[in-house]
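1. Prediction below, plus the sequence it came from.
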Amino acid sequence: MHDWRSSLGEAVAGCAAELRFAEPMARHTTFRIGGLADAWVRADDPQALACVLRVCREAGIRTWLLGRGSNVLVSDQGLRGVVVTFGGKLAEMRLERDKEIEGLPAQQQAGQRDKVTEGSSEHSIPRSLDPSIPSWLLCGAGAALDEVATFAEQQGLTGAEFLAGIPGTVGGGLHSNAGAFGRSLGDIVTGVTVLDRDGSESVLTGTQIRREYRRPMIEGGLIAVEVTMQLQGRIQGLRDSRGPAPDTGTLESSTPGSLSADQIRKQRWQKHPTEPSAGSFFRNPEKDGERIPAGKLIEQCGLKGRTIGGVRVSEMHANFLINTGKARFADVYELVQIIKATVEEQTGILLEEEVQYLPGPNEVRRQMPEARSQKSRVGAANGS
Ligand SMILES: Cc1cc2nc3c(=O)[nH]c(=O)nc-3n(C[C@H](O)[C@H](O)[C@H](O)COP(=O)(O)OP(=O)(O)OC[C@H]3O[C@@H](n4cnc5c(N)ncnc54)[C@H](O)[C@@H]3O)c2cc1C
């Protein structure tokens, strides 16, 4: 019998792709948790991606998009179907500077490309350093957010520094409108090239892109392939002369644009635990129009250091649940129920997960039949 594994193997053999069967997802998530996926494939160019998606579609096999696995918690029972991740050409970045020069013939645009005269002054400055002229950065969805920040800075652009140190990809970042230091992808993304499950390509712009706090920017089921970001030229020295923003204790509240990518990375190292995790586990809840840091609520409820099996509420940052070595999905799930119930009981606020459960919240709940009620868990956790 010719099963889907053979078809996938044969199809991928001629493509720019790597394929593995029975692949531990713990290897592909920053939490280092997750059972076996039936198959894992890294597509390195659009043809390979199209080929994998076609084989899976025809065989009726489920596909799971994965970036760096830094915002997911995968079940110990793994994933049925094919995990698809992007590399090679699908992770490349390039710059376009001339999109905005409208109404000029092509020859004149070429002449404008490298220098722009500043007002009536005789001095000309490179376009990349002119803050009044936007530039467009086109990023493959597999590009690392941290590399986007570095690349943009190297090109003399400002606006993407806040992405420095976020350990995910551009495609994964769209799922949660990733951000820090008061800025998020929604502030700079102007277009997203997507494939639907049938493999048809389209470009989303304007209001087709959602920009809410830590919510998906594109519809579920769409596959992001390329993202366009609008950035600005940077006048050298301007940022440095303003100096670092005052430290208000949270990554979210610093003055946007006032820190370089390196300064941002440094702040992260100082404030984020280094053990395996999925970053901030809960969204910061909104109260009276303000976001309250979930970590502060968890800390106020005395939950720092609370441990279940191999997972612990970080002492350094209470919104980080850290894998102390051999954490299982079930440990994290149990600790999450305790945190949610305790915080709700003590503050009246129900925390909502930012991290995404795979294969999905309902499947995961079904896989946890032995789970006790939240209330009894709180009792157990409190030693009562
Ligand atoms: C130490 C640490 C610090 C963090 N700090 C921050 C922070 O400051 N701010 C912040 O916002 N987040 C932060 N995160 C969370 C995480 O890094 C971001 O959410 C990141 O954008 C997720 O990207 P990823 O590639 O890892 O996505 P994954 O976790 O691999 O996937 C997340 C979701 O995106 C989907 N997806 C992935 N690629 C595509 C694609 N091409 N098309 C469609 N869907 C896709 C997946 O299917 C999944 O649903 C942190 C995480 C860690 C571990």
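-> Right, received. Where do you want to start?
2. from what I can see residue 212 touches residue 179, true?
-> No: Residue 212 sits out of contact with residue 179 when judged by C-beta atoms under 8 Å, with a separation of 11.3 Å. C-beta: built from backbone N, CA, C; applies to glycine.
3. More neighbours: which of these two?
-> Comparing residue 212 with residue 179 by other C-beta atoms under 10 Å, the one with more neighbours is residue 179, at 22 against 10.
4. How about the contacts made by the more buried one?
-> By C-beta atoms under 8 Å, 6 or more residues apart in numbering, residue 179 lies in contact with 162, 185, 186, 187, 252.
5. The same query, at a cut-off of 6 Å, please.
-> By C-beta atoms under 6 Å, 6 or more residues apart in numbering, no residues touch residue 179.
6. What of residue 28?
-> residue 69.
7. if we go to 8 Å?
-> Listed by C-beta under 8 Å, 6+ apart, the contact set of residue 28 reads 34, 40, 66, 68, 69, 83, 85.
8. Those into JSON lines, with extra columns for distance to the ligand?
-> Formatted as JSON lines, those follow (distance: C-beta to the nearest ligand atom, whole Å):
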{"residue": "34", "distance to the ligand": "11"}
{"residue": "40", "distance to the ligand": "12"}
{"residue": "66", "distance to the ligand": "4"}
{"residue": "68", "distance to the ligand": "4"}
{"residue": "69", "distance to the ligand": "4"}
{"residue": "83", "distance to the ligand": "9"}
{"residue": "85", "distance to the ligand": "8"}
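9. In CSV: these, plus pLDDT and secondary structure.
-> Below are the contacts of residue 28 laid out as CSV (pLDDT from 0 to 100; DSSP: H, G, I helix; E, B strand; the rest coil):
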residue, pLDDT, secondary structure
34, 97, coil
40, 98, strand
66, 98, coil
68, 98, coil
69, 98, coil
83, 98, strand
85, 98, strand
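10. Now the buried members of those.
-> 34, 40, 66, 68, 69, 83, 85 (16 or more other C-beta atoms under 10 Å).
11. pretty sure the fifth one is touching residue 23, no?
-> So the one you mean is residue 69. No: Residue 69 is beyond contact range of residue 23, at 11.7 Å (criterion: C-beta under 8 Å).
12. mind listing what's buried in stretch 83-93?
-> Applying a neighbour-count criterion of 16+ other C-beta under 10 Å, the buried positions in stretch 83-93 are 83, 84, 85, 86, 87, 88, 89, 90, 91, 93.
13. Tell me how many other residues surround the residue in the stretch 251-384 of the chain positioned nearest to the ligand.
-> Using C-beta to the nearest ligand atom, residue 279 is the residue of the stretch 251-384 of the chain that sits closest to the ligand, at 2.4 Å. Number of residues near residue 279 (other C-beta under 10 Å) recorded here: 22.
14. list residues touching both of residue 212 and residue 179?
-> With C-beta under 8 Å, 6+ apart as the test, residue 212 and residue 179 both reach residue 186.
15. can you list the weak-confidence ranges in the protein?
-> Residue ranges of the chain with pLDDT under 70: 1, 98-133, 235-257, 369-384.
16. ok, which residues in it are in contact with the ligand?
-> For the chain, the contact set with the ligand under C-beta under 6 Å from any ligand atom comprises 30, 65-72, 141, 166-169, 171-173, 175-176, 178-180, 223-224, 251, 272, 277-279, 356.
17. Buried residues, stretch 149-157. List them.
-> Within stretch 149-157, the residues scored as buried using 16+ other C-beta under 10 Å are 149, 150, 151, 152, 153, 155, 156, 157.
18. again with stretch 74-81
-> Result for stretch 74-81 [16+ other C-beta under 10 Å]: buried residues 74, 75, 76, 78, 79, 81.
19. Among these, which lie within strands?
-> Among those, the members found in strands (DSSP state E) are 74, 79, 81.
20. Identify the residues contacting the last one.
-> In this structure, residue 81 makes contact with 37, 38, 39, 56, 61, 62, 63, 64, judged by C-beta under 8 Å, 6+ apart.
21. try it again with 6 Å
-> Residue 81 makes contact with 38, 61, 62 under the criterion C-beta under 6 Å, 6+ apart.
22. wait, the second one sits on residue 5?
-> Put plainly, it is residue 61. No: here residue 61 lies out of contact with residue 5, judged by C-beta atoms under 6 Å, at a distance of 9.3 Å.
23. circling back: next, format the buried residues of stretch 83-93 as CSV and append secondary structure.
-> Output for the buried residues of stretch 83-93, formatted as CSV (DSSP: H, G, I helix; E, B strand; the rest coil):
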residue, secondary structure
83, strand
84, strand
85, strand
86, strand
87, coil
88, helix
89, helix
90, helix
91, helix
93, strand
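24. Now for residue 260, how many residues are close by?
-> By other C-beta under 10 Å, 18 other residues sit near residue 260.
25. same check, this time on the one 10 residues further on
-> A total of 9 residues lie near residue 270 under the criterion other C-beta under 10 Å.
26. Likewise for residue 195?
-> Neighbour count for residue 195, taken as other C-beta under 10 Å: 17.
27. Look up how far residue 53 lies from it.
-> 7 Å (C-beta to C-beta, to the nearest Å).
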